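Student: Just need the structure, nothing else, for what follows:
(one chain, ligands or ions: 1)
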Amino acid sequence: MSTAAPETNGSPAKDLFTIKGTHHLEFFVGNAKQAAYFYRRAFGFELFAYSGPETGVREACSYALRQGKIVLVLTTPLIANHQANDFMRNHGDGVRDIAMHVEDAEEAFRITTERGAKAVAAPHVIEDKHGKVKLATIATYGDTVHTFVERGSDYTGPFLPHFEARDDKGMGKSVGLQFVDHVVGNVSWDEMNNTVEFYKNVFGFSRFVSFDDKDISTEYTALRSTVVANENRWIKFPINEPAEGLRKSQIEEYVEFNNGPGVQHIAMHTNDIISTVAALRENGVDFLETPDTYYTELKERVGDIDEDVERLRSLKILVDRDDKGYMLQLFTKPLEDRPTLFIEIIQRRGAESFGKGNFKALFESIEREQGLRGNL
Ligand code: FE2
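Tutor: Below you'll find the predicted structure:
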């Protein structure tokens, strides 16, 4: 058994203000029209709202896509001095904003900035014919931000003010993705603890799970990871930093190509990973390879599971177990030309951890194959 029980925190700290969940994830992209096509066709998202010159917004176009409770907003600037241009010059396309749905944006902003968060946008009201929404934004790692969205039930628009409803015309066919399970941030050397402290101090989040480089390492590659979570654990942010290994850590590669810290992956939950991954593969989504040898030791590593191992092997789905149960997961290849952002598909069957056993098992299987070829 290479999977030790994770260090979980029995009693989560109390949230300092009410967070209802992830509101949306906004990406800055070079061409939102084309990116929207990709996330609709490949990942099964439905276009439901749009803002741009046609809706009275002159500076940028935004496409709002939805699947289950997951909302992605793809934004492309239309003017030279838009902040998205600076972001993309440094990082390429990527996640700019992990927006949270809050009860009171003013309170969220006041508490977080009083506790040391850097203000990006003070509380302000935006409105259109459907009503009013209050927003405020603070900075987190790298050029990533958190916008607090206070949207009451009296707002009747399709998404946020200045967005108009759009008909997807059946382009995005759901693959069964339901909600954001976690969003992972990669930070640079020795920045993990500061980032974890930031979420503890500023938000009142607690340390949920942590692994050190002995947990997540093979002989060649290593990383350290700590997960922070809010009180009801709907918000979970694993924070990774590179650790010394014989070869370059994948986190180090990310930080190099992203020109600093940023969102590494978004994990999306499904109730049926076999049908979700089959549909994504059918749509042409590329996933990380899993060597066949991974499945040879699967039963020994994770014990009995409900799924047919042959089916998992044919779709290359990974399995890991902790003291609470097991989970199935699979990672896409990077979604862009830079080896930065990717998506994880996850199905939890009791397990609360994040698949650290897979990291080791995967790399060890790859190294075993390398060894078989006499190249290790
Ligand atoms: Fe993950």
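Student: Check whether residue 359 sits in a helix, strand or coil.
Tutor: At residue 359 the chain is in helix, as set by DSSP: H, G, I helix; E, B strand; the rest coil.
Student: backbone phi and psi for the residue lying closest to residue 96 once chain neighbours are set aside, please?
Tutor: What sits nearest to residue 96 in space, not counting adjacent residues and going by CB to CB, 6 or more residues apart in numbering, is residue 28, at 4.7 Å. (C-beta placed from N, C-alpha, C; glycine too.) Main-chain dihedrals, residue 28, degrees, to the nearest 10: phi -90, psi 130.
Student: which ones are touching residue 28?
Tutor: The contact partners of residue 28, by CB atoms under 8 Å, 6 or more residues apart in numbering, come to 75, 76, 77, 84, 87, 88, 93, 94, 96.
Student: Now compare those and name the two farthest from each other.
Tutor: 77 and 94 (14.0 Å; CB to CB).
Student: Tell me which of the two has more neighbours.
Tutor: Legend: neighbour count by other CB atoms under 10 Å for residue 77 and residue 94, higher for residue 94 (23 against 20).
Student: Just the pLDDT at that one, thanks.
Tutor: With respect to pLDDT, residue 94 has a value of 98.
Student: Does residue 45 touch residue 37 like I think?
Tutor: No: counting by CB atoms under 8 Å, residue 45 stays clear of residue 37, with 10.3 Å between them.
Student: more neighbours, the two?
Tutor: Each of residue 45 and residue 37 has its neighbours counted (other CB under 10 Å); residue 45 has more, 28 against 15.
Student: Name the nearest residue to that one, sequence neighbours excluded.
Tutor: With sequence-adjacent residues excluded and distances taken as CB to CB, 6+ apart, residue 45 is closest to residue 65, at 3.8 Å.
Student: contacting residues around the one you found?
Tutor: Counted by CB under 8 Å, 6+ apart, residue 65 has contacts 36, 39, 40, 45, 46, 47, 48, 71, 72, 73, 74, 172.
Student: please redo it, this time with the cut-off set to 6 Å
Tutor: 39, 45, 47, 72 (CB atoms under 6 Å, 6 or more residues apart in numbering).
Student: can you check residue 183 too?
Tutor: Residue 183 makes contact with 98, 237, 266, according to CB under 6 Å, 6+ apart.
Student: Take those and write them to JSON lines, including secondary structure, neighbour count and distance to residue 178.
Tutor: Output for the contacts of residue 183, formatted as JSON lines (DSSP: H, G, I helix; E, B strand; the rest coil; neighbours: other CB atoms under 10 Å; distance: CB to CB, whole Å):
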{"residue": "98", "secondary structure": "strand", "neighbour count": "22", "distance to residue 178": "18"}
{"residue": "237", "secondary structure": "strand", "neighbour count": "23", "distance to residue 178": "19"}
{"residue": "266", "secondary structure": "strand", "neighbour count": "22", "distance to residue 178": "13"}
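Student: dump the residue contacts of residue 82.
Tutor: residue 59.
Student: And it, how close does it get to residue 340?
Tutor: Between residue 82 and residue 340 the computed distance is 21 Å (CB to CB, to the nearest Å).
Student: do the same with residue 24
Tutor: 20 Å.
Student: What of residue 182?
Tutor: Where residue 340 is concerned, residue 182 sits at a distance of 17 Å (CB to CB).
Student: More neighbours: the two, which one.
Tutor: Shown here are residue 182 and residue 340; by other CB under 10 Å, residue 340 has more neighbours (25 against 22).
Student: and the closest residue to the more buried one other than its chain neighbours, what pLDDT?
Tutor: Of all residues not flanking residue 340 in the chain, residue 258 sits nearest, at 4.8 Å (CB to CB, 6+ apart). Residue 258 carries a pLDDT score of 97 in this model.
Student: doesn't residue 90 make contact with residue 258?
Tutor: No: between residue 258 and residue 90 there is no contact under CB atoms under 6 Å: 8.2 Å.
Student: The two: which is more packed in?
Tutor: residue 258 (23 against 14).
Student: Low-confidence ranges, this protein, go.
Tutor: For the chain, applying pLDDT under 70 flags the ranges 1-13, 209-221, 246, 363-370, 375-376.
Student: Residue numbers of it in contact with the ion?
Tutor: Neighbours of the ion within the chain, by CB under 5 Å from the ion: 267, 344, 354.
Student: burial count for the last one?
Tutor: As a burial measure, the neighbour count of residue 354 was computed by other CB under 10 Å and equals 27.
Student: residue contacts, residue 113?
Tutor: residue 119.
Student: how near is it to residue 202?
Tutor: In terms of CB to CB, residue 113 sits 9 Å off from residue 202.
Student: what does residue 371 give?
Tutor: 46 Å.
Student: So which of these two has more stuff around it?
Tutor: Using other CB under 10 Å as the criterion, residue 371 and residue 202 rank with residue 202 on top: 19 against 11.
Student: Please report the distance of the more buried one from residue 99.
Tutor: Residue 202 is 16 Å from residue 99, by CB to CB.
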